[in-house]
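Visitor: Any chance you can model this:
(one chain, ligands or ions: 1)
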Amino acid sequence: MADSTRHPMTGNEMSGSSEGGMERHTYDVVVVGAGGAGLRAAIAAHEAGARTAVVCKSLLGKAHTVMAEGGIAAAMGNRWPEDNWEVHFRDTMRGGKMLNNWRMAQLHAQEAPERVQELEDWGALFDRTDDGLISQRDFGGHKYARLAHVGDRTGLEMIRTLQQRTVQLGIDVFMECTVTDLLKEGDRIAGAIGYWRESGRFITFDAPSVILATGGIGKSFKVTSNSWEYTGDGHALAMRAGAALINMEFVQFHPTGMVWPPSVKGLLVTESVRGDGGILKNSEGKRFMFDYIPEFFKAETADTIEEADRWYDDKKNNRRPPELLPRDEVARAINSEIKAGRGSPHGGIYLDIASRRTPEFIRKRLPSMYHQFKELADVDITAEPMEIGPTCHYVMGGVEVDADTQESAVTGLYAVGECSGGMHGSNRLGGNSLGDLLVFGKRAGEAASAYTASLGDARPAVSEDDVKTAQASALAPFEVEGGENPYTIQHDLQQSMNDLVGIIRTASELEESLREIEVFKDRAKSMVVEGHRQYNPGWHLALDLRNMLIVSECIAKAALARKESRGGHTRDDFPKTDTEVWGKKNLVVTLNAAGDGVDLAEKPLPVMPDELKKYFE
Ligand SMILES: Cc1cc2nc3c(=O)[nH]c(=O)nc-3n(C[C@H](O)[C@H](O)[C@H](O)COP(=O)(O)OP(=O)(O)OC[C@H]3O[C@@H](n4cnc5c(N)ncnc54)[C@H](O)[C@@H]3O)c2cc1C
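Guide: Presented below is the predicted three-dimensional model:
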């Protein structure tokens, strides 16, 4: 029975119904996720004429993007007129160790400046250069200062701006609502089903286009900079719908997370600290990064302290400090120092900006870091060094998509932002995620809207049987008697991933991890949830855990298969980068036919055209 309901925030009339107590809505495009990627996609879809909804499992404005600190990478040339998209493209490909989808890296480098400018037009207040242009700061792996920023709170400003525009345009937002399954008619997307976190009641969306923008997977690991939302939902939803994931072995361990006190272990310490002059030291006081400059970056990395320090004053003719090597290189170096017994008292190493910059400079450029350490660790970073260590931060792997449209292998299913794969290859450069969200968010929104419009009245229909099956599957943990609590399984999974699939990997540990994942999957079959559906965090976790288990298996399986070290994948038993064999292919994973495990396949890299190859000669 259709009843004309109004959206609580926008007041828009919604073609909703509440048949059998089940809420139901019809849209042209449904975006799952309200981070930078989801909001930018929703704005684009709406502006292209699609009736658009955004669904997110936390409050609007609370997505992970809000935590981004350093900035948005875009070759605007505001500090260095020499900067341009070609240099940004080259840096991105080199940072990703040439496994990136070249077309995505190209589009990103070409379009990011326009997307940043557009944010400013919509009201974002960026820091300025002395000439009044948008300020751009240095980050690892970028040849020029390129990150448009707002102090160390860039994500907050980005989300504020996109959120404001979303609300202004009257796009419907369903907050605290988790999508649990995608619905299909044949090979095409027909909609999605989820539940309200507060009431536990189900909600179905009829929509021919669904854009996944659900962020990352960090909660599969014990030590992570990621928040509770990062359980790989979009990755798993896509796989269950028949799409493939690419590059899942590449997980970025950010070199600098807090290590003390235990309650905040893993919390990010922004790369801007190093970009603004911070240096890394071991317990002997040695600036150790000079010992870890790889051949690949030798030509452009300073090998003496004097030269490294000169770079901050005269970047033109000097080679960059080794602290600003790409993240994978710095994280491995820190890991080696700690392993060699030259770590700090709480198992990290030291990051020192106090001895190099004035307290005023530090408080102005890094206000969040100043407060984070003062309030959480009682450390004054203007007077003493920070203790830091690697933390699981970002997944380069994600849904395999078409570079121009972000469409997956499933018709009508798009993926964008951290839950999509290909753009960053084996290692993401700092600042390239926020640019990615904006560039490909816009492209996905436009493509999804055009696809829905092309269908006319021939829209796929949601099957009632599929809705019932999805509901029954979500409620299954309430039916189990005497089973195990999801929290204990999650705890064991996180520990196992940290210990066996972490920053340094070996075949025997990866095999052990896959055996353990099978045990966790078995334990999860008899997972029990107590109480009722109304705000029940145990039930929410039980549903998220299904996704975390699939994603963890993808990571471990791909990591075992890739017999080399590259970017965010380091094998102790295969320490070299094997350009001849592994430099020519990607690994893709799909759900197996039985739907209870992961199949793995190799795929040749897309061939880069000659006019782009010249940048690497
Ligand atoms: C501390 C920190 C600092 C960072 N700093 C930078 C930086 O300076 N520059 C940079 O480029 N990158 C940075 N990154 C990385 C970057 O912030 C993220 O990669 C990026 O914000 C991801 O954006 P997204 O839109 O893909 O996802 P998110 O912003 O995480 O949004 C995901 C959305 O999906 C929703 N969601 C998830 N699952 C479901 C579901 N099942 N149903 C409904 N909704 C769901 C969530 O509620 C949320 O709204 C940083 C990351 C961290 C953790």
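Visitor: Contacts for stretch 559-572, please.
Guide: 96-97, 99, 249-253, 326, 328, 332, 396, 425-427, 501, 503-507, 510-511, 514, 574-578, 581-583, 587, 600 (C-beta atoms under 8 Å, 6 or more residues apart in numbering). Bear in mind the C-beta positions are built from the backbone N, C-alpha and C, glycine included.
Visitor: close to the ligand, is it?
Guide: No - residues of stretch 559-572 are not located near the ligand by C-beta under 6 Å from any ligand atom, the shortest gap being 13.4 Å.
Visitor: chain center to that stretch, what's the gap?
Guide: 20 Å (C-alpha atoms, centre = their mean, to the nearest Å).
Visitor: got it, and stretch 515-523?
Guide: 26 Å.
Visitor: Just the CA trace of it, in PDB.
Guide: The C-alpha trace of stretch 515-523 is given here as PDB (Å, rounded to 0.1, in the frame of the first residue of the first chain):
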ATOM      1  CA  ARG A 515      43.300 -21.900   8.500                       C
ATOM      2  CA  GLU A 516      42.300 -19.600  11.400                       C
ATOM      3  CA  ILE A 517      39.800 -17.700   9.200                       C
ATOM      4  CA  GLU A 518      38.100 -21.000   8.300                       C
ATOM      5  CA  VAL A 519      37.700 -21.700  12.000                       C
ATOM      6  CA  PHE A 520      36.300 -18.200  12.600                       C
ATOM      7  CA  LYS A 521      33.900 -18.700   9.700                       C
ATOM      8  CA  ASP A 522      32.700 -22.000  11.400                       C
ATOM      9  CA  ARG A 523      32.400 -20.200  14.700                       C
END
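Visitor: The residue lying closest to Gly397 once chain neighbours are set aside in helix, strand or coil?
Guide: Leaving aside its chain neighbours, Gly397 sits nearest to Met248 (3.5 Å; criterion: C-beta to C-beta, 6 or more residues apart in numbering). The local conformation at Met248, judged by DSSP: H, G, I helix; E, B strand; the rest coil, is coil.
Visitor: Share the number of residues neighbouring Met248, please.
Guide: Residues near Met248, counting by other C-beta atoms under 10 Å, number 31.
Visitor: what's the spacing between it and Glu481?
Guide: 35 Å (C-beta to C-beta, to the nearest Å).
Visitor: Same check on Asp578?
Guide: Counting by C-beta to C-beta, the separation of Asp578 from Glu481 is 51 Å.
Visitor: more crowded one of the two?
Guide: Neighbours were counted for Asp578 and for Glu481 using other C-beta under 10 Å; Asp578 has more, 14 against 6.
Visitor: residue contacts, the residue of the stretch 151-300 of the chain found nearest the ligand?
Guide: Residue nearest to the ligand within the stretch 151-300 of the chain (C-beta to the nearest ligand atom): Gly215, separated by 2.7 Å. When contacts are counted by C-beta under 8 Å, 6+ apart, Gly215 touches 33, 35, 63-64, 226, 229-230, 234, 417-419.
Visitor: which bits of the stretch 301-450 of the chain sit near the ligand?
Guide: Taking C-beta under 6 Å from any ligand atom, the part of the stretch 301-450 of the chain that reaches the ligand is made up of 394, 417-418, 430-434, 437.
Visitor: One more: the stretch 51-200 of the chain?
Guide: 55-58, 63-65, 67-71, 154-155, 178-179, 194.
Visitor: now, which of those lie within helices?
Guide: Residues of those located in helices (DSSP state H): 154-155.
Visitor: Among the residues of the stretch 51-200 of the chain next to the ligand, name the buried ones.
Guide: 55-58, 63-65, 67-71, 154-155, 178-179, 194 (16 or more other C-beta atoms under 10 Å).
Visitor: Now, these that are in strands?
Guide: Among these, DSSP state E puts 55-56, 178-179, 194 in strands.
Visitor: Dump stretch 243-256 to PDB, restricted to CA.
Guide: Presented in PDB, the C-alpha positions along stretch 243-256 are these (Å, rounded to 0.1, in the frame of the first residue of the first chain):
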ATOM      1  CA  ALA A 243      31.500  -8.200  -8.600                       C
ATOM      2  CA  ALA A 244      35.200  -8.800  -8.300                       C
ATOM      3  CA  LEU A 245      37.700  -7.100  -5.900                       C
ATOM      4  CA  ILE A 246      41.200  -6.100  -7.100                       C
ATOM      5  CA  ASN A 247      44.600  -5.600  -5.300                       C
ATOM      6  CA  MET A 248      43.300  -6.900  -1.900                       C
ATOM      7  CA  GLU A 249      46.800  -7.900  -0.800                       C
ATOM      8  CA  PHE A 250      47.800  -4.300  -0.600                       C
ATOM      9  CA  VAL A 251      47.000  -2.800   2.800                       C
ATOM     10  CA  GLN A 252      48.600   0.400   3.800                       C
ATOM     11  CA  PHE A 253      50.300   0.500   7.300                       C
ATOM     12  CA  HIS A 254      50.700   4.200   8.000                       C
ATOM     13  CA  PRO A 255      54.100   4.700   9.500                       C
ATOM     14  CA  THR A 256      52.900   7.000  12.300                       C
END
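Visitor: Establish whether it and the ligand are in contact.
Guide: No - Stretch 243-256 is not in contact with the ligand by C-beta under 6 Å from any ligand atom; minimum separation 8.0 Å.
Visitor: quick thing: my sequence starts at 17, can you match it?
Guide: Noted, 17 is the first residue going forward, which turns the last one into stretch 259-272.
Visitor: what comes up buried for that stretch?
Guide: 259-272.
Visitor: chain center to that stretch, what's the gap?
Guide: 9 Å.
Visitor: Please work out the average pLDDT along that stretch.
Guide: Stretch 259-272 carries an average pLDDT of 96.
Visitor: and Met305, what is it in contact with?
Guide: Contacts of Met305 (C-beta under 8 Å, 6+ apart): 295-296, 337-339, 341, 346, 349.
Visitor: Excluding chain neighbours, give the residue nearest to the residue of the chain found nearest the ligand in space.
Guide: Distances between the chain and the ligand by C-beta to the nearest ligand atom are smallest at Gly51, namely 1.9 Å. Excluding the flanking residues, the one nearest Gly51 by C-beta to C-beta, 6+ apart is Ala79, at 3.6 Å.
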